[in-house]
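[1] Structure for the following, please:
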Amino acid sequence: MSRFGILMLIFGTCVLLTGLYMATGHKLGIMTGRPAFKNLTKDEWKNIGKWTMIVSIFIFIIGIIAIILNFE
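    Here you go, the predicted model:
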């Protein structure tokens, strides 16, 4: 089995969980220190979380393709 594919699936799971956390309206402490993220509303955090979950789908697809094609 491809180690790269497994790592991409693990990374995709982490990104999905982060997006799910933001989609429920929670703020990430590491991001709220930046000026661009200081005054975001709850709806804006939900929108960022939604797009983060969409990006995680592409990471899962890359991981599945790597496992199928058995990249090393």
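[2] for this protein, what spans make up the helices?
    3-23, 29-32, 42-69 (DSSP state H).
[3] need those helices in JSON lines with mean pLDDT and mean neighbour count, can you?
    C-betas here are computed from N, CA, C, even on glycine. Below are the helices of the chain laid out as JSON lines (pLDDT from 0 to 100; neighbours: other Cβ atoms under 10 Å):
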{"stretch": "helix 3-23", "mean pLDDT": "93", "mean neighbour count": "16"}
{"stretch": "helix 29-32", "mean pLDDT": "69", "mean neighbour count": "10"}
{"stretch": "helix 42-69", "mean pLDDT": "92", "mean neighbour count": "15"}
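[4] who touches the residue most central in space within the chain in this structure?
    The structure's the chain has its C-alpha centroid closest to residue 15; by Cα atoms, centre = their mean the separation is 2.4 Å. By Cβ atoms under 8 Å, 6 or more residues apart in numbering, residue 15 lies in contact with 52, 53, 55, 56, 59.
[5] Closest to residue 9 out of those?
    residue 59 (8.2 Å; Cβ to Cβ).
[6] That closest one contacts residue 12, correct?
    Yes: the pair formed by residue 59 and residue 12 meets the contact definition of Cβ atoms under 8 Å, at 3.7 Å.
[7] anything in contact with each of the two?
    The contact lists of residue 59 and residue 12 share no entry, where a contact means Cβ under 8 Å, 6+ apart.
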